[in-house]
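# I'd like to go over a predicted model; first the sequence, then the structure.
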Amino acid sequence: MRIFGLIGKNINYSFSVAYFSEKFQKESITDALYKNFDIPEITYFLQILKKHKDLKGLNVTIPYKQEIIPYLDKLSRKAEEVGAVNTIKVTKKGKLKGYNTDVYGFKKSLKPLLKPHHKKALVLGTGGASRAVIYVLEKLGLEYKIVSRNPIENQLSYDAISQEVMQEYTIVINCTPLGTSPNTEQCPELNYDYFTDQHLAFDLIYNPAETAFLRKAKQQGATIQNGYQMLMYQAEKAWEIWNR
């Protein structure tokens, strides 16, 4: 039995186990099993490797997309450029190679929604997920500003997002975990009255399907998109990598 799984912290909410289990059943894949590896800190990763000798591939989620890198033998060029890993392949020689399929998933999910006036984006959050988002924005030639609670050089604080800023930046992407189930009423501290029908609000969260961030943006007429489609795309890309 080939073992696959998800590494993360507090990942009971995760869709991956259900998604892959359903996929295996639908496609009559009988030699594969997908499970959650919920670990309190990244050092426990070594125990997973030791315990599961049939491990063939892993997905990585919050908060370990950057912390996992020192444990890997090799990175794909894209994962290296992004500086974050969300997919690991165990090679035939037992080596661990890191990939970033978030890039593929986000790009495929974002592109159909872009209109000619969508030229600049606000990226909320600075974790591993935001790195894939920034990589895609750069590849698409879109300008962006990172928004952080503790901004460093060239970043914005949430307080700095005025109506003028929002008029200029018509794409707003939530890369923070705020609003993830069960804390569904949390959301980034923006003035949601500044959203308009010219805005695109994209949330990487997929559970719940409509976060407080998306709901409030939608009330002002914004186009909204959650992270479910992105997740499906990146999951399929990960499966492709594991089976190469």
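Alright, I've got the coordinates.
# right, and residue 111 touches residue 140 too?
Yes: at 7.4 Å, residue 111 and residue 140 qualify as touching, with contact defined as CB atoms under 8 Å. C-beta: built from backbone N, CA, C; applies to glycine.
# The two: which is more packed in?
residue 140 (13 against 10; other CB atoms under 10 Å).
# how close does that one sit to residue 133?
11 Å (CB to CB, to the nearest Å).
# can you list residues touching both of the two?
The contact sets of residue 140 and residue 133 do not overlap (CB atoms under 8 Å, 6 or more residues apart in numbering).
# Just the pLDDT for residue 210.
With respect to pLDDT, residue 210 scores 97.
# list the contacts for it?
So residue 210 contacts 218, 224, 226 (CB under 8 Å, 6+ apart).
# could you say what helices and strands the lengthiest helix in the chain packs with?
As assigned by DSSP state H, the longest helix anywhere in the chain is helix 228-242. Judged by 3 or more CB pairs under 8 Å, 6 or more residues apart in numbering; DSSP states H and E, helix 228-242 is in contact with helix 16-26, strand 55-60, strand 87-90, helix 102-110.
# Could you point out the helix or strand that follows the host helix or strand of residue 122?
Secondary-structure assignment from DSSP states H and E places residue 122 in strand 120-124. With elements assigned by DSSP H and E, the helix or strand that comes after strand 120-124 is helix 128-139.
# domains in this structure, as residue ranges please.
2-100, 103-227 (automatic domain parsing).
# Of all these, which one comes closest to residue 243?
domain 2-100 (8.6 Å; CB to CB).
# so residue 192 touches residue 219, yeah?
Yes: the criterion here is CB under 8 Å, and residue 192 meets it with residue 219 at 7.3 Å.
# Tell me which of the two has more neighbours.
Between residue 192 and residue 219, counted using other CB under 10 Å, residue 192 has the larger neighbour count: 20 against 11.
# Let me know the pLDDT of the more buried one.
Residue 192 is given a pLDDT of 98.
# The one 4 residues further on now?
Among the per-residue scores, residue 196 holds a pLDDT of 98.
# and it, what does it touch?
166, 220, 221, 222.
# Make TSV from these and add pLDDT to it.
Converted to TSV, the contacts of residue 196 look like this (pLDDT from 0 to 100):
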residue	pLDDT
166	98
220	98
221	98
222	98
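# any idea how far residue 75 is from residue 106?
From residue 75 to residue 106 the distance is 18 Å (CB to CB).
# which one of those two has more residues nearby?
residue 106 (27 against 19).
# Derive a ChimeraX selection command for the buried subset of the contacts of residue 196.
Filtering the contacts of residue 196 down to the buried ones (16 or more other CB atoms under 10 Å) takes a single ChimeraX command:
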select :166,222
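# Which pLDDT value belongs to the residue most central in space within the chain?
Nearest to the mean C-alpha position of the chain, by CA atoms, centre = their mean, lies residue 129 at 4.4 Å. Per-residue confidence (pLDDT) for residue 129: 87.
# between the longest helix of the chain and helix 102-110, how big is the angle?
Computed by axes from the mean of the first three to the mean of the last three CA atoms, to 10 degrees, the angle separating helix 228-242 from helix 102-110 equals 140 degrees.
# Report the angle between helix 228-242 and helix 128-139.
Using the same axes, to 10 degrees, helix 228-242 lies at 90 degrees relative to helix 128-139.
# Quick check: mean pLDDT of helix 228-242?
96.
# likewise stretch 28-36?
97.
# Spit out the contact partners of the closest residue in space to residue 35 that isn't next to it in sequence.
Leaving aside its chain neighbours, residue 35 sits nearest to residue 5 (4.6 Å; criterion: CB to CB, 6 or more residues apart in numbering). Taking CB under 8 Å, 6+ apart, we find residue 5 in contact with 34, 35, 36, 37, 48, 52, 55, 58, 59.
# Having no further points to raise, I will conclude here.
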